[in-house]
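A.B. asks: Here's my sequence, what's the structure:
(one chain, ligands or ions: 1)
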Amino acid sequence: MRSLFSTPFRPFQEEKPLNNAAVIFLLTTLFYFLGAMMRLVEELSLFWPLNAVMAGVFARYAFLHRWQYYLISYIAMLAYDAITTSWGTASLIINFSNMVFIITMVHLITLERNQMVKAPEPVNALRLFGYCMFAALLCAFFGAVGSVGINGQGFLQLLADWFSEQFSTGVLILPGMLTMSWPREPLQFKPQQLLPIGAVIVSVLASVVIGGAGSLAFPLPALIWCAVVYPLPLTSLVTLLTGGAEIMLVANGAINIFVGSPMEMPHMFSARLGIATLAICPVIVSVSVAKINRLIRQVSLRADFDFLTRVYSRSGLYEALNNDDKRFADKHVTVMLMDIDYFKSVNDNYGHECGDRVLAAFARKVQEALGERGIVARMGGEEFVVVAITADPDDGFTLAEKVRHSIEHYPFKWRQQTLHLTVSIGLSSGLTEAWALTEMFNELLAEADENLYRSKKQGRNCTTSSKDIVFADAPSQVSSGQ
Ligand SMILES: Nc1nc2c(ncn2[C@@H]2O[C@H](COP(=O)(O)OP(=O)(O)OP(=O)(O)O)[C@@H](O)[C@H]2O)c(=O)[nH]1
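C.D. replies: You can find the predicted model right below:
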């Protein structure tokens with residue numbers, strides 16, 4: 001399982017041009033075949049996924065952005081037509097129009113360092129909508145020129161047909177193609193997560209039953225629900241399937257949206273444009289939700305972790321205690337407040353940069369000595385706190401001494417020099433209770449602070465604990481070190 005999810009599937013590799021050429025040829029042929037299978041209503045296809053799929057492939061893999069690879073795709077199209085149609089030289093222009101869509105889209109998408117692929121912003125989704133419109137118009141011009149005379153339609157009708165088909169297919173397919181990613185870990189599935197998809201199915205059925213021009217928009221709220229709940233690639237997939245299904249249902253008369261139009265447009269023109277407009281909305285919502293979630297993660301990461309030492313910050317420690325309450329509640333817990341001795345002299349003698357490096361190395365070393373038994377947080381300056389699960393106060397004391405010794409014997413390196421540091425530790429420990437974890441931690445922290453003060457007063461590089469709160473009037477001091 002692990003290797004399946006940790007090793008992403010890579011259909012294209014820069015160092016394997018022959019393999020890339022073969023995959024491009026096969027993909028083109030496969031999607032040409034699928035498009036040809038959907039020539040149901042008219043001579044031209046109802047749904048032509050090839051151009052959007054290939055544009056997505058070329059845009060995702062920058063190293064495929066070469067004329068040789070485009071040529072292979074073009075040859076695959078010509079070869080398919082030569083075998084299955086009698087279009088003759090018209091096939092040269094028709095397939096050239098396919099290439100116009102692919103190459104134009106790739107150029108437009110990669111204009112802004114491929115934003116839609118890396119970390120899409122809502123504006124990228126909107127731009128993608130515009131790019132599809134422009135590329136579809138260019139492609140439609142050449143396609144209509146090439147197809148005049150093939151099925152008896154006039155140039156304008158062909159232009160409208162080509163444009164609406166390319167535009168809607170582009171908007172439906174490209175968001176998914178550009179954002180699809182290999183899952184890093186097995187997907188966690190809960191039955192209630194199927195509810196938004198269920199709502200999409202019900203709303204498409206309602207479109208069939210009720211019909212009329214408004215029925216195409218019925219699935220929109222359910223698609224927005226998907227956008228809020230699912231990640232962007234899955235939302236794009238559901239939108240693609242919904243839009244594709246609507247196109248099929250309209251084409252076959254299952255959804256009846258037709259009203260008299262003053263313009264003599266092909267009968268799918270309006271439906272396709274409507275579906276493209278509808279399809280971009282969940283994508284924009286999904287991209288916006290992803291962006292908000294990314295920002296929330298960034299902000300909480302900044303607040304919860306200390307940037308310099310990469311251990312918890314003070315507020316992050318409280319978050320960790322509350323989020324991981326099963327780990328810390330109803331356990332014997334030892335709190336160690338530690339302060340590096342004479343740290344000011346490190347800054348004074350070796351500079352602030354060295355001081356920063358020492359703080360980061362110190363935090364690493366403490367976490368290493370603790371292992372899985374506790375968590376470390378930086379309280380500020382050169383003061384750190386450890387919260388560890390221990391069997392009893394003596395166990396906590398032994399653990400603190402282990403940490404203190406590991407620091408004492410660790411050679412901190414700075415440029416060509418080696419620094420030796422010591423740390424003073426104040427201890428407190430007690431049994432926690434789930435309902436008042438934060439309050440109890442605060443009490444233990446205050447007690448540890450008093451004991452740290454005693455460690456400093458006793459000459460530093462030692463651990464001090466008050467054995468039992470019952471004997472708080474005359475706390476027994478336990479020190480070690482020096
Ligand atoms: N490089 C660096 N220094 C810091 C940082 N935060 C606090 N300090 C320094 O840490 C030093 C703390 O000094 P003091 O509070 O006098 O304590 P000390 O020198 O460690 O002496 P004792 O605690 O009494 O053993 C000050 O010089 C602060 O400027 C930091 O993020 N980076």
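A.B. asks: so how far is stretch 329-340 off the chain centroid?
C.D. replies: 36 Å (Cα atoms, centre = their mean, to the nearest Å).
A.B. asks: That one and the ligand, any residue contact?
C.D. replies: Yes - shown here: stretch 329-340 in contact with the ligand (Cβ under 6 Å from any ligand atom) through 339-340. Glycine gets a C-beta too; all of them are placed from N, C-alpha and C.
A.B. asks: Just the C-alpha atoms of that stretch, please, in CSV.
C.D. replies: What follows is stretch 329-340, C-alpha atoms only, in CSV (Å, rounded to 0.1, in the frame of the first residue of the first chain):
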residue,chain,number,x,y,z
ALA,A,329,-5.3,13.6,30.1
ASP,A,330,-5.6,11.4,33.2
LYS,A,331,-1.8,10.7,33.1
HIS,A,332,1.1,11.5,35.3
VAL,A,333,2.7,14.5,33.6
THR,A,334,6.0,16.2,34.2
VAL,A,335,6.5,19.8,33.2
MET,A,336,10.1,21.0,32.8
LEU,A,337,10.8,24.6,32.4
MET,A,338,14.4,25.1,31.1
ASP,A,339,16.5,28.1,30.5
ILE,A,340,19.9,28.1,28.8
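A.B. asks: Locate Ala55 within the secondary structure: which element?
C.D. replies: Assessed by DSSP states H and E, Ala55 sits inside helix 50-60.
A.B. asks: again with Ala388
C.D. replies: Assigned by DSSP H and E, Ala388 belongs to strand 383-389.
A.B. asks: So for that strand, what gets flagged as buried?
C.D. replies: By neighbour count with 16 or more other Cβ atoms under 10 Å, strand 383-389 contains the buried residues 383-389.
A.B. asks: Looking at these, spot the one nearest the ligand.
C.D. replies: The ligand has its nearest neighbour among those in Glu383, at 8.3 Å by Cβ to the nearest ligand atom.
A.B. asks: rewinding a little: tell me which strands and helices the helix holding Ala55 is in contact with?
C.D. replies: Packing partners of helix 50-60 (3 or more Cβ pairs under 8 Å, 6 or more residues apart in numbering; DSSP states H and E): helix 17-37, helix 67-84, helix 90-109, helix 155-179.
A.B. asks: Mind jotting down where the strands sit in this protein?
C.D. replies: 332-340, 374-380, 383-389, 412-414, 417-419, 423-431, 463-465 (DSSP state E).
A.B. asks: Just name the most buried of these.
C.D. replies: Counting by mean count of other Cβ atoms under 10 Å, strand 463-465 has the highest mean neighbour count of the strands of the chain, with a mean of 27.
A.B. asks: average model confidence for that strand?
C.D. replies: For strand 463-465, the mean pLDDT works out to 93.
A.B. asks: strands paired with that strand, and their directions?
C.D. replies: Strand 463-465 sits in its sheet next to strand 423-431 (parallel), going by DSSP bridges.
A.B. asks: For the helix holding Ala55, give me every contacting residue.
C.D. replies: Defining contact as Cβ atoms under 8 Å, 6 or more residues apart in numbering, one finds that helix 50-60 is touched by 12, 24, 27-28, 31-32, 34-35, 64-65, 69-70, 73, 77, 98, 101-103, 105-106, 109-110, 114, 117, 135, 139, 166, 169-170, 172-174, 176-178.
A.B. asks: residue contacts, the closest residue in space to Val200 that isn't next to it in sequence?
C.D. replies: Closest residue to Val200 apart from its sequence neighbours, by Cβ to Cβ, 6 or more residues apart in numbering: Ala222 at 4.3 Å. By Cβ under 8 Å, 6+ apart, Ala222 lies in contact with 196, 199-200, 202-203.
A.B. asks: what's near enough to touch whichever residue of the chain sits closest to the ligand?
C.D. replies: Taking Cβ to the nearest ligand atom, the ligand has its nearest neighbour within the chain at Gly355, 2.5 Å off. Neighbouring residues of Gly355 by Cβ under 8 Å, 6+ apart: 343, 346-347.
A.B. asks: How many residues are close by Val358?
C.D. replies: As a burial measure, Val358 scores 21 neighbours (other Cβ atoms under 10 Å).
A.B. asks: Hmm, it is touching Thr418, no?
C.D. replies: No - between Val358 and Thr418 there is no contact under Cβ atoms under 8 Å: 11.5 Å.
A.B. asks: quick one: common contacting residues for these two?
C.D. replies: Common neighbours of Val358 and Thr418, using Cβ under 8 Å, 6+ apart, are Phe412.
A.B. asks: Tell me where the model's unsure across the chain.
C.D. replies: 1-8, 39-45, 113-119, 151, 183-187, 258-267, 468-482 (pLDDT under 70).
A.B. asks: Check which helices and strands the longest helix along it is in contact with.
C.D. replies: As assigned by DSSP state H, the longest helix anywhere in the chain is helix 269-304. Applying 3+ Cβ pairs under 8 Å, 6+ apart, one finds that helix 269-304 contacts helix 122-147, helix 155-179, helix 220-229, helix 232-251, helix 314-323.
A.B. asks: okay, the ones you listed, which one's buried deepest?
C.D. replies: helix 155-179 (a mean of 25).
A.B. asks: That helix - contacts with which helices or strands?
C.D. replies: By 3+ Cβ pairs under 8 Å, 6+ apart, helix 155-179 packs against helix 50-60, helix 90-109, helix 115-118, helix 122-147, helix 232-251, helix 269-304.
A.B. asks: Next, format the ones you listed as a markdown table and append distance to the ligand.
C.D. replies: A markdown table is the format used below for the helices and strands packed on helix 155-179 (distance: least, Cβ to the nearest ligand atom, whole Å):
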| stretch | distance to the ligand |
| --- | --- |
| helix 50-60 | 42 |
| helix 90-109 | 44 |
| helix 115-118 | 33 |
| helix 122-147 | 38 |
| helix 232-251 | 39 |
| helix 269-304 | 16 |
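A.B. asks: any chance of the ones you listed in CSV, plus distance to Trp435?
C.D. replies: Putting those into CSV (distance: least, Cβ to Cβ, whole Å) gives the following:
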stretch, distance to Trp435
helix 50-60, 51
helix 90-109, 54
helix 115-118, 45
helix 122-147, 43
helix 232-251, 39
helix 269-304, 23
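A.B. asks: what residues does the chain put near the ligand?
C.D. replies: 308, 339-344, 347, 352, 355-356, 359, 381-382, 456, 460.
A.B. asks: Among these, name the ones in helices.
C.D. replies: 343-344, 347, 352, 355-356, 359, 456.
A.B. asks: Serialize those to TSV and add fields for distance to Thr398.
C.D. replies: As requested, those are exported to TSV (distance: Cβ to Cβ, whole Å):
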residue	distance to Thr398
Phe343	25
Lys344	30
Asn347	32
His352	35
Gly355	30
Asp356	31
Leu359	26
Lys456	22
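A.B. asks: Filter those residues down to just the buried residues.
C.D. replies: The neighbour-count test (16+ other Cβ under 10 Å) marks 343, 355, 359, 456 as buried among these.
A.B. asks: Other residues contacting stretch 372-386?
C.D. replies: 306, 308-309, 311-314, 316-317, 320, 334-340, 343, 359, 362-363, 366-367, 370, 387-390, 399-400, 403, 445, 448.
A.B. asks: Restrict stretch 434-444 to CA atoms and write it as CSV.
C.D. replies: C-alpha atoms of stretch 434-444 as CSV (Å, rounded to 0.1, in the frame of the first residue of the first chain):
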residue,chain,number,x,y,z
ALA,A,434,-9.3,15.7,31.3
TRP,A,435,-11.8,18.4,32.2
ALA,A,436,-9.2,20.9,33.5
LEU,A,437,-6.1,20.1,31.4
THR,A,438,-5.1,23.7,30.7
GLU,A,439,-5.7,25.0,34.3
MET,A,440,-3.6,22.1,35.7
PHE,A,441,-0.9,22.7,33.2
ASN,A,442,-0.8,26.4,34.2
GLU,A,443,-0.4,25.4,37.9
LEU,A,444,2.4,23.0,37.0
